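Asks: I'll drop the sequence and a predicted model, then ask my questions.
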Number of protein chains: 2
Amino acid sequence: MNEIQVMESKEKAHGCKCEECILKNLIFNYVPDEDSYILCNVKREQSFKKGEIIVKQNSPIVDFFYIKSGIVKLSKVTESKRNHIISIAKPHDYTSLLTVFHGKNYAYTMTAIEYTEICIFPLNLIIDLVMRHGSFGIGLLKKSSKTADDIIDRFIQNNSRNLRGRIAMTLLDFSFNIYKSHIYELPVSRKEIAELIGMTTENVIRILSEFRKEKIIKINGKEIEIVDFERLKMISDRG
Amino acid sequence: MNEIQVMESKEKAHGCKCEECILKNLIFNYVPDEDSYILCNVKREQSFKKGEIIVKQNSPIVDFFYIKSGIVKLSKVTESKRNHIISIAKPHDYTSLLTVFHGKNYAYTMTAIEYTEICIFPLNLIIDLVMRHGSFGIGLLKKSSKTADDIIDRFIQNNSRNLRGRIAMTLLDFSFNIYKSHIYELPVSRKEIAELIGMTTENVIRILSEFRKEKIIKINGKEIEIVDFERLKMISDRG
DNA sequence: ATCAAGGAATGATTTTTATCATAAAACCAT
DNA sequence: ATGGTTTTATGATAAAAATCATTCCTTGAT
């Protein structure tokens, strides 16, 4: 109890109240009080409704984002005008890690796909903090390389599967990594799933219907219930 | 002349002799002499013949690699035993940037696909340097996020093209970014190209033959000459 | 020099996936 | 509520790509 009280008072003093905040913990662990105090006071929190754009591809980079709650998609339009979803990010991800340190403009559009709360820090301050506290830099490097590796891995996994395998993989991903439940509300349209795994909308719909007919899942609009987990896993693995 | 002499003496003193070394420059710019001295003295250089493995997927991470000369492929075997080439890296790339900061084991196998010289640093030392000199951390973060963004971009570009477009893109990539010439010796087999752009070996061969018959390129074994640059570009863009 | 093994090449065939067409259902703004 | 738009749905067809089969050509090891 004593420890908790100490933490609480410390948090109050810093203006950062979220206990599970990885960024905050990263800062607290390595950065002296006076610095984390500045950071916590400067940060602003902003909430976004489902569908709202948090930041647009090609707009100048000024801020560093941290997802406090909700779900966010990172997407990108190519020269050929096609839209691609790079990843679906969840709470405690730093969606800004890619690009922000080397680019002038955001490479990806960030959109809330559920009600989302974002913590926003001026990038300058983050950079300044890394400058003065190398260990914080190590922390960011760790997160950064993990984020990149995960995204690359998803691409490889996706590309080595046929369409049924991709859909199965996606449904399992939502179930395991996002909602931690066998029944959930899809936060994206069939079209967005298509953009995420690189296939046509028609085929996404068709294969979801197949899975329904094969009694692997139940569908009710956007609600998905995984009924035959084993088979779905098999399709994801073999497919 | 005077300046060059100064540089030379400084380089001698540090045991790092490569003028174009980005890593060295990064260190020199931000790290005091005594530290860069340690790093340069500890580093070892190693050369690899075409085909030799530099480091294997899943082996424990101990070193940080920097490509001094040559060309290297990063590849990964998935659970389904399929081999995927993630990227082709050239001199002055830090191929280690992905994974090394967060993982226990290398996520990718590094193989020399031409005679290659690698500078090898104990990762601990790099981390220690970031700890003590935040600006060096910023430098690595920049390189790291750039590397990741480039790889992700290549995946997106690749996935939004048909097979002819992918081959065209690859041939142009070798021409522009690696060999800076319209005529070059392919450093990889048709099978490896297939693993790089996610298609079958037969189709790689077939489409190369098509391009030859359509007089877009000339083929002589591994030697490729781009004859009709415009058409190749068009196929890469539209395809 | 010879043989085995892998790489390159090409055709025929099958499978997979995209495209086109149409319609019902859900959603939104007035 | 109503009309318009987007999303979901399904079928038919065309196009793209993988697979299978066979041959030739290189290359490296003995």
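Replies: Everything's here; your move. Numbering: from 1, shown residues only, chains lettered A, B, ... in the order given.
Asks: Could you check the lengthiest helix in chain A against DNA strand D for contacts?
Replies: When every helix of chain A is counted residue by residue (DSSP state H), the longest turns out to be helix A:134-159. No. Applying CB under 7 Å from any atom of the strand, one finds helix A:134-159 out of contact with DNA strand D, separated by at least 9.5 Å. Just so you know, the C-beta spots here come from the backbone N, C-alpha and C atoms, and that holds for glycine as well.
Asks: So what pairs up with the spatially most central residue of chain A in the strands?
Replies: What sits nearest the mean C-alpha location of chain A, by CA atoms, centre = their mean, is A:Ala89, with 0.9 Å. Applying DSSP bridges to A:Ala89 yields these beta-bridge partners: A:Val72.
Asks: Can you pull the phi/psi pair for A:Cys106?
Replies: Rather than Cys, residue A:106 is Tyr. Backbone torsions of A:Tyr106, given as degrees, to the nearest 10, read phi -60, psi 130.
Asks: Also the one 4 residues further on?
Replies: Dihedral angles of A:Met110 (phi, psi; degrees, to the nearest 10) stand at phi -110, psi 130.
Asks: For chain A, which residue gets nearest to DNA strand C?
Replies: Of all residues in chain A, A:Asn162 sits closest to DNA strand C, with a separation of 3.4 Å (CB to the nearest atom of the strand).
Asks: Report how many residues lie close to the closest residue to that residue other than its chain neighbours.
Replies: Distance criterion CB to CB, 6 or more residues apart in numbering or on different chains; nearest residue to A:Asn162, sequence neighbours excluded, is A:Gly239 at 5.1 Å. One way to gauge burial is a neighbour count; for A:Gly239, by other CB atoms under 10 Å in any protein chain shown, it gives 16.
Asks: So the residue of chain A closest to DNA strand C versus DNA strand D, what's the distance?
Replies: If you measure A:Asn162 against DNA strand D using CB to the nearest atom of the strand, to the nearest Å, the figure is 9 Å.
Asks: ok, now A:Met131?
Replies: 44 Å.
Asks: which element is that residue on?
Replies: Take DSSP states H and E as the rule and A:Met131 turns out to sit in helix A:123-132.
Asks: got it, and A:Gln46?
Replies: Using DSSP H and E, A:Gln46 sits within strand A:44-48.
Asks: OK, contacts around the residue of chain A found nearest chain B?
Replies: Relative to chain B, the nearest point of chain A is A:Gly137 (2.8 Å; CB to the nearest CB). With CB atoms under 8 Å, 6 or more residues apart in numbering or on different chains as the criterion, the residues that contact A:Gly137 are A:Val130, B:Val130, B:Met131, B:Gly134, B:Gly137, B:Ile138, B:Leu140, B:Leu141.
Asks: List just the nearest of those residues to A:Lys233.
Replies: Each of the contacts of A:Gly137 was scored against A:Lys233 by CB to CB, and B:Leu141 proved nearest at 37.1 Å.
Asks: just checking, the residue nearest to A:Asn162 touches A:Thr170?
Replies: No. With contact defined as CB atoms under 8 Å, A:Gly239 does not reach A:Thr170; the gap is 11.5 Å.
Asks: Just give me the neighbour total for the nearest residue to A:Arg132 once chain neighbours are set aside.
Replies: Here the nearest residue to A:Arg132 in space, its sequence neighbours aside, is B:Gly134; by CB to CB, 6+ apart that works out to 5.6 Å. Taking other CB under 10 Å as the neighbour definition, B:Gly134 ends up with a count of 22.
Asks: so after the lowest-mean-pLDDT helix or strand in chain A, what's the next helix or strand?
Replies: Comparing every helix and strand of chain A by mean pLDDT, DSSP states H and E singles out helix A:2-14 as the least confident one, with a mean of 42. The first helix or strand that comes after helix A:2-14 along the chain, using DSSP H and E, is helix A:22-30.
Asks: Just the buried residues of the next helix or strand after that following helix, please?
Replies: Heading C-terminal from helix A:22-30, the first helix or strand you meet, by DSSP H and E, is helix A:33-42. Within helix A:33-42, the residues that qualify as buried are A:Asp35, A:Ser36, A:Ile38, A:Leu39, A:Cys40, counting by 16 or more other CB atoms under 10 Å in any protein chain shown.
Asks: Now for these: which two are most distant?
Replies: The widest separation within those, taken as CB to CB, falls between A:Asp35 and A:Cys40 and amounts to 9.6 Å.
Asks: what helix or strand does the closest residue in space to A:Ile183 that isn't next to it in sequence sit in?
Replies: In space, A:Ile183 comes closest to A:Glu225 once its chain neighbours are excluded; the distance is 4.2 Å by CB to CB, 6+ apart. In this structure, A:Glu225 is located in strand A:223-226 according to DSSP H and E.
Asks: Output the below-cut-off pLDDT ranges for chain A.
Replies: Judged by pLDDT under 70, chain A has its weakly predicted residues at A:1-16, A:28.
Asks: and it, what are its domains?
Replies: Described in terms of automatic domain parsing, the domain architecture of chain A consists of the residue ranges A:2-157, A:161-238.
Asks: Distance to B:Ser189 added to the ones you listed, as JSON lines?
Replies: Shown next, in JSON lines, are the domains of chain A (distance: least, CB to CB, whole Å):
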{"stretch": "domain A:2-157", "distance to B:Ser189": "20"}
{"stretch": "domain A:161-238", "distance to B:Ser189": "24"}
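Asks: Tell me the residues of chain A that contact DNA strand C?
Replies: A:Asn162, A:Leu163, A:Arg164, A:Gly198, A:Met199, A:Thr200, A:Glu202, A:Asn203, A:Gly221.
Asks: Can you tell me which of those is closest to B:Leu123?
Replies: A:Gly198 (34.7 Å).
Asks: Then A:Gly51 would be within a strand, right?
Replies: No. Read with DSSP: H, G, I helix; E, B strand; the rest coil, A:Gly51 is coil and lies in no strand.
Asks: Residues of chain A that sit close to DNA strand D?
Replies: Remark: the part of chain A in contact with DNA strand D comprises A:Ser189, A:Arg190, A:Lys191, A:Thr201, A:Glu202, A:Ile205, A:Arg206, A:Leu208, A:Ser209, A:Ile219, A:Gly221, A:Lys222, using CB under 7 Å from any atom of the strand.
Asks: Those residues, buried ones only, as a PyMOL selection?
Replies: Applied in PyMOL, the following selects the buried portion of these according to 16+ other CB under 10 Å:
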select buried, chain A and resi 190+208
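Asks: Including secondary structure, could the residues of chain A next to DNA strand D go into CSV?
Replies: CSV is the format used below for the residues of chain A next to DNA strand D (three-state DSSP):
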residue, secondary structure
A:Ser189, coil
A:Arg190, helix
A:Lys191, helix
A:Thr201, helix
A:Glu202, helix
A:Ile205, helix
A:Arg206, helix
A:Leu208, helix
A:Ser209, helix
A:Ile219, strand
A:Gly221, coil
A:Lys222, coil
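Asks: number of nearby residues for the closest residue to A:Ser135 other than its chain neighbours?
Replies: On the basis of CB to CB, 6+ apart, the spatially nearest residue to A:Ser135 that is not a chain neighbour turns out to be A:Tyr30, at 4.0 Å. The criterion is other CB under 10 Å. On that basis, A:Tyr30 has 18 neighbouring residues.
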